[in-house]
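Asker: Below is the structure, and that's it, no one-letter string:
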């Protein structure tokens, strides 16, 4: 039997003689090696030190990062040194595996805690790691150790990380300007300045002789620019470490600016109001708001929302400029902790809308924007598992447009209505004074999800989704503003690519005939189009600049369909680069997924992922159940007691990509965040053999224990997504897939 230490020494000697023979290390280099190696320097043989010095000198010092002290993993260290010697001789195979074997991962202390529910006992050995205050020394020390271990394990990629960061940042055009929106005599836009992190909110006046809004509108560079809010200066002046603007809204007469800002990172915003003529702030800042602000038409009254102890937006208040905040009146308060509150202003500018919603139920109230002290009117009372949204038309139009002087709200509502009998929603119209007396304009369709509707003076814009693809449909309304009893066939706006992301909405004043479209795909950078609805003329206003020579023609995007275990077809969107992807099963592939909250994962461009695609990777998105990609029933079939469909859909997509030779298990990675992190955890437990690597971002992996604790903010709202595990059937089902409750002794992929 050969002595392993002697064998290692022989390899070391040969490597030193062959690869670094004649290389003399100076005294300073020897001292540097001692600093890198620490107490392990004395433990090594002279030959091993020579290899270590050579590696450090040649930029391979990361090999020794986070080495444990002598006596721990010594055999693994010697195997690594032997592999390093072979590396110096030109044979690099096995070096990284040996390096990782030396590292000692931190082990969390086990402090078993018994969790009892429904005559079931779970033992959580790591419950002590919960630290709501983020201050427990033991938890912080453990997290520090985990971060140090991660840095050590990833030490061989530091150079690549730096290269990727510079590459990704190099694609960003720092000095950039958004597409302007024409509104009330101004072009409003934001711009970014080179070297600055935050937006500058600006406007330029529309020339006095300008015609009506059109797709060709552009602010004149000769018109003076007025800076409304410079976020960079606000952060600098306040010496804030964190800064985020919640909203930035001008008053109806365009003379005042209200904005909200968060300077702590807790999503609690402070409200400010400024006179744009002189820059003077008009009120004492109002802290602890949700970030949303809406103006009444008197240019002096504002509505805002505050949060409760669970961080839930729940109360609407009304403030009048010139009066103390202690006089602010409560306009609406929602006491049911399953519901949250938001506010908005109708496109007609005649109504203040208060929207109340849980995960599956909604209700909307309105106040005339001309009578801000009036009590809110409920449009349709809430009914469990019924959701609706409204868009307001003031009714009869005169040659001069809308009569905005009356305190009384008039006109009719376009109502997007969903209930269990109409899961994909239907479009209704109803008079404002009798919204329950509705007429169906667009009936429910099993294969088309009605997502949104927005009404202008003479146009109705409807957003739809079918077979994981979006479309925008434009319908013409009666010329004089009468409430329609039916709709003519609309004009459908779509694009030719097999998979893309598309949204559209009315822009500018209520009378504007300009439709703004936002388009992107896995091969098309975010693009903005303006289309004149009366003439059909369309203008490309902007394509997001991608520096560094990007050409869309170099890439291919496809839509595939996998078959789930229950026979359901699941869509996949993917992109790869021509000439780099071999499509023979040897390509690396990153598969994304989410599949919760009815949120679709629409295929959109990512300039950062270009760094992977340009290195031969394929990027794919699994449009799995639980999301909203294929309509409401797609969501319903991936929640509550059908949640496992989300996981098996994802597995089916991975298997399909392997079967069709886009990748192999050895080359397949997957990524998901938050609820998508739960997906990653569940799939990893179920099919670890399918994947080589897993990326989990803020993963929701302890879902059962979390959903049993209603002291955590918004837990009761979450019950409508996951089910309430205080009920036995939900408890047992959730326990069967909860990632931390299903970890077992098996070979897992690499997890970060």
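Answerer: Perfect, thanks for sending it. What you see is a predicted model, and the numbers here were worked out from it, not measured in a lab.

Asker: Please count neighbours and contacts with C-alpha atoms only from this point.
Answerer: OK.

Asker: excluding its backbone neighbours, what's nearest residue 307?
Answerer: residue 313 (4.2 Å; Cα to Cα, 6 or more residues apart in numbering).

Asker: ignore the last one, residue 638
Answerer: residue 626 (3.8 Å).

Asker: quick one: the one you found and residue 601 touch, right?
Answerer: No - look at residue 626 against residue 601 with Cα atoms under 8 Å: they stay out of range, at 10.7 Å.

Asker: Could you tell me which residues touch both of the two?
Answerer: Residues touching both residue 626 and residue 601 (Cα atoms under 8 Å, 6 or more residues apart in numbering) are residue 595.

Asker: Neighbour count: those two, which is higher?
Answerer: residue 626 (32 against 21; other Cα atoms under 10 Å).

Asker: Tell me how many other residues surround residue 190.
Answerer: Residue 190: 19 surrounding residues under other Cα under 10 Å.

Asker: partners of it in the sheet?
Answerer: Per DSSP bridges, the residues bridged to residue 190 are residue 201.

Asker: if we can go back for a sec, enumerate every residue touching the residue nearest to residue 638.
Answerer: 595-599, 634-639, 643, 645-646.

Asker: got a list of what the spatially most central residue of the chain touches?
Answerer: Most central in the chain under Cα atoms, centre = their mean is residue 673, positioned 8.6 Å from the mean C-alpha point. Residue 673 makes contacts with 594, 696-699, as judged by Cα under 8 Å, 6+ apart.

Asker: and it, bridged to which residues?
Answerer: Using DSSP bridges, the beta-bridge partners of residue 673 come out as residue 697.

Asker: what about it, distance to residue 160?
Answerer: Here residue 673 is placed at a distance of 23 Å from residue 160 (Cα to Cα, to the nearest Å).

Asker: One more: residue 640?
Answerer: Distance from residue 640 to residue 160, by Cα to Cα: 42 Å.

Asker: Who has more neighbours out of these two?
Answerer: Neighbour totals were compared for residue 640 and residue 160, and residue 640 leads with 18 against 11 (other Cα under 10 Å).

Asker: Just confirm the more buried one contacts residue 722, I think it does.
Answerer: Yes - using Cα under 8 Å, residue 640 is in contact with residue 722, at 5.0 Å.

Asker: Tell me where the model's unsure across this structure.
Answerer: 1-31, 58, 88-93, 398-405 (pLDDT under 70).

Asker: try 80 this time
Answerer: Within the chain, the ranges that satisfy pLDDT under 80 run 1-36, 41-42, 46-51, 53-61, 77, 82-94, 397-407, 713-714.

Asker: Could you tell me whether residue 655 really is in a helix?
Answerer: Yes - assignment of residue 655 by DSSP: H, G, I helix; E, B strand; the rest coil places it within a helix.

Asker: count of neighbours near the closest residue to it other than its chain neighbours?
Answerer: Using Cα to Cα, 6+ apart and skipping residues adjacent in sequence, the residue nearest residue 655 is residue 690, 7.7 Å away. Other residues near residue 690 come to 22 when the count uses other Cα under 10 Å.

Asker: Can you give me the distance of residue 690 to residue 683?
Answerer: 9 Å.

Asker: repeat for residue 252
Answerer: Per Cα to Cα, residue 252 is found 51 Å from residue 683.

Asker: which of the two has more neighbours?
Answerer: A side-by-side neighbour count of residue 252 and residue 683, using other Cα under 10 Å, places residue 683 first with 24 against 16.

Asker: Tell me the secondary structure at the closest residue in space to the more buried one that isn't next to it in sequence.
Answerer: Among residues not flanking residue 683 along the chain, residue 647 sits closest, at 5.8 Å (Cα to Cα, 6+ apart). Classification of residue 647 by three-state DSSP places it in helix.

Asker: Now for residue 647, how many residues are close by?
Answerer: Using other Cα under 10 Å, residue 647 is surrounded by 28 other residues.

Asker: Please apply the same query to the one 4 residues further on.
Answerer: Other residues near residue 651 come to 22 when the count uses other Cα under 10 Å.

Asker: give the contact list for it.
Answerer: 683, 687.

Asker: So what pairs up with residue 393 in the strands?
Answerer: residue 412.

Asker: Which residues are in contact with it?
Answerer: Listed by Cα under 8 Å, 6+ apart, the contact set of residue 393 reads 348, 411-414, 455-457, 481.

Asker: of all these, which comes closest to residue 49?
Answerer: residue 455 (76.1 Å; Cα to Cα).

Asker: Any figure for the gap between that closest one and residue 347?
Answerer: 8 Å.

Asker: Return every residue with contacts to both of those two.
Answerer: 391-392.

Asker: With residue 650 as the reference, measure out to the closest residue to residue 666 other than its chain neighbours.
Answerer: With sequence-adjacent residues excluded and distances taken as Cα to Cα, 6+ apart, residue 666 is closest to residue 692, at 5.3 Å. In this view, residue 692 and residue 650 are 15 Å apart by Cα to Cα.

Asker: same thing with residue 220?
Answerer: 50 Å.

Asker: Of these two, which one has the most company?
Answerer: A count of neighbours by other Cα under 10 Å puts residue 650 above the other of residue 220 and residue 650, at 30 against 13.

Asker: got the contact list for residue 245?
Answerer: Taking Cα under 8 Å, 6+ apart as the test, what residue 245 contacts is 231, 259-262.

Asker: Sort out which one of those lies nearest residue 40 for me.
Answerer: Of the contacts of residue 245, the one sitting nearest to residue 40 (Cα to Cα) turns out to be residue 262, at 48.8 Å.

Asker: Report the secondary structure element holding residue 425.
Answerer: Residue 425 is part of strand 422-431 when elements are defined by DSSP states H and E.

Asker: Parallel or antiparallel, which strands does that strand pair with?
Answerer: For strand 422-431, the paired strands and their directions (DSSP bridges) read strand 412-419 (antiparallel), strand 439-442 (antiparallel).

Asker: What's the separation between the residue nearest to residue 188 when sequence neighbours are not counted and residue 665?
Answerer: Excluding the flanking residues, the one nearest residue 188 by Cα to Cα, 6+ apart is residue 203, at 4.4 Å. In this view, residue 203 and residue 665 are 53 Å apart by Cα to Cα.

Asker: now do residue 272
Answerer: Residue 272 is 54 Å from residue 665, where distance means Cα to Cα.

Asker: what do you get for residue 484?
Answerer: With the distance defined as Cα to Cα, residue 484 ends up 56 Å from residue 665.

Asker: For those two, indicate the residue with more neighbours.
Answerer: residue 665 (21 against 16).

Asker: list the contacts for that one?
Answerer: 658, 689-692.

Asker: So which of the residues you listed are in helices?
Answerer: Here DSSP state H is the test, and the contacts of residue 665 give residue 658 as lying in helices.

Asker: Any chance of a ChimeraX selection covering the buried ones in the contacts of residue 665?
Answerer: Applying 16 or more other Cα atoms under 10 Å to the contacts of residue 665, the buried members can be selected in ChimeraX as follows:
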select :658,690,691,692
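
Asker: Let me have the contacts of residue 665 in CSV, extended by distance to residue 500.
Answerer: CSV is the format used below for the contacts of residue 665 (distance: Cα to Cα, whole Å):
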residue, distance to residue 500
658, 23
689, 31
690, 28
691, 27
692, 28
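
Asker: Tell me where the stretch 151-300 of the chain has helices.
Answerer: Listed in chain order, the helices of the stretch 151-300 of the chain (DSSP state H, counting those that start in this stretch) span 158-170, 231-238.

Asker: Go through the shortest one and flag the buried ones.
Answerer: By neighbour count with 16+ other Cα under 10 Å, helix 231-238 contains the buried residues 231-232, 235.

Asker: what does that helix contact?
Answerer: 196-200, 241-243, 245.

Asker: at 6 Å instead, please
Answerer: Residues from elsewhere that reach helix 231-238 (Cα atoms under 6 Å, 6 or more residues apart in numbering): 198-200.
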